[in-house]
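Chemist: just a sequence and a predicted model for now, questions to come.
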Amino acid sequence: MTFEKIINHIDSLPPLSNAAHIVQSLYAGGIEHINISKLVRVIESDAMLSINILKMINSPYYGMSKQISSISQAVSLLGVQQIYMLVVHYAISQKLKADPSIYGFTNAQFNDVCQLQGRLMFKWCSKINLKDAQFLTPLALMMESGKLILAQEIVRSDYSGEFRKGFNECEDIQEYEKSLITRTSYELTAMLFSHWNLESKYVEILNLIDATQDELKEIDAKIIAYIEKIKVVRKCINLKEILTDNSIKESMKLVQALGLDANYFKEVTLELRKSYLK
């Protein structure tokens, strides 16, 4: 297992689905110019995409008071940004068929973690800055995609048992990943996003998420603010701790350091945990 093999794997990945590609093109002119009727038609043209989007929306994490039964209803209730997020997330998951059991998760459980990260970002950040929430929620939902690439490569290399033992024993997931391939899974996600021509700012954020203060000196303040919010969500929900008392407490410290309302953040996390544990 080498970083070069992973790069070659990413470079060989086929384009996202036709529906996802068309949806991407609809968003290219800006969210305010989206043709909603066309968006609904494109999604409905892909039966499996439609089914899976409705399945995700009707999960407990979205807290819908009634069953959402159509794509048009989903767009109306969640907005075009959230729908875009779900389309791309589903398209990526279809291309990255991997077994996350090396992390101790089933595919369904891994997807739950991703959805929880997205929901936490949106519920928490919406009160702070709605535009930031709309921009960062898709990234929060999809930022763990690189772990699936790493999982694929580890399984191919017959390194699964050793990796699982090291993962379970490590205290810092990112440092453990770097000890294996000199990169973190977030940098792998950045490479995936670049390969599929997704939002360039997402690529920048993911590449800098574990940068030092010195490395961030010349970086735009807005990008740094995005990074700090992503770090809060990652601290609270990750593959080692999912909305635990400890991860909530530690992420609250990050929220306080940003000068934001830690008590409100705690309220959001406890509400989300209640839905997750149902």
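Modeler: Arrived safely. Numbers count the residues shown, from 1 in each chain.
Chemist: first-to-last residue distance for stretch 205-225?
Modeler: 10 Å (CA to CA, to the nearest Å).
Chemist: in terms of pLDDT, where does Lys278 sit?
Modeler: With respect to pLDDT, Lys278 scores 69.
Chemist: repeat for Thr244
Modeler: 97.
Chemist: now do it against Lys127, distance only.
Modeler: 23 Å (CB to CB, to the nearest Å). In this view, the C-beta of every residue, glycine as well, is placed from N, C-alpha and C.
Chemist: low pLDDT regions in the stretch 151-278 of the chain?
Modeler: Scanning the stretch 151-278 of the chain for pLDDT under 70 picks out 278.
Chemist: so Thr182 touches Ile7, yeah?
Modeler: No: applying CB atoms under 8 Å, one finds Thr182 not in contact with Ile7, separated by 11.5 Å.
Chemist: who has more neighbours out of these two?
Modeler: Ile7 (16 against 10; other CB atoms under 10 Å).
Chemist: the more buried one and Phe105: what is the separation?
Modeler: 25 Å.
Chemist: and what of Lys222?
Modeler: From Lys222 across to Phe105, the span is 33 Å (CB to CB).
Chemist: quick one: which of these two has more around it?
Modeler: Neighbour tally, Lys222 and Phe105, criterion other CB under 10 Å: the higher count belongs to Phe105, 17 against 10.
Chemist: tell me which element that one falls in.
Modeler: Phe105 belongs to no helix or strand when elements are defined using DSSP states H and E.
Chemist: contact partners for it?
Modeler: Neighbour list for Phe105: 113, 239 [criterion: CB atoms under 8 Å, 6 or more residues apart in numbering].
Chemist: got the phi and psi for it?
Modeler: Phe105 adopts backbone torsions of phi -130, psi 150, taken as degrees, to the nearest 10.
Chemist: which one is Lys253 nearest to, not counting chain neighbours?
Modeler: Ala262 (7.9 Å; CB to CB, 6 or more residues apart in numbering).
Chemist: if you tally nearby residues, what's the number for the one you found?
Modeler: Considering only other CB under 10 Å, Ala262 is surrounded by 18 other residues.
Chemist: separation between it and Asp132?
Modeler: Applying CB to CB to Ala262 and Asp132 gives a distance of 18 Å.
Chemist: ok, Ser160 next?
Modeler: Ser160 sits 38 Å away from Asp132, going by CB to CB.
Chemist: try Pro14
Modeler: In terms of CB to CB, Pro14 sits 32 Å off from Asp132.
Chemist: what's the answer for Gly146, then?
Modeler: In terms of CB to CB, Gly146 sits 23 Å off from Asp132.
Chemist: out of these two, which sits in the busier spot?
Modeler: Counted by other CB under 10 Å, Gly146 and Asp132 do not tie: Gly146 has more neighbours, with 25 against 16.
Chemist: I'd guessed the more buried one sits against Glu187; true?
Modeler: Yes: counting by CB under 8 Å, Glu187 is a contact partner of Gly146 at 7.0 Å.
Chemist: quick one: the helices in the stretch 1-150 of the chain, in order.
Modeler: 3-11, 18-27, 36-44, 47-57, 71-78, 80-95, 107-128, 130-142, 145-156 (DSSP state H, counting those that start in this stretch).
Chemist: right, and those helices - which one's nearest Glu204?
Modeler: Distance to Glu204, taken as CB to CB, is lowest for helix 130-142 among the helices of the stretch 1-150 of the chain, at 10.8 Å.
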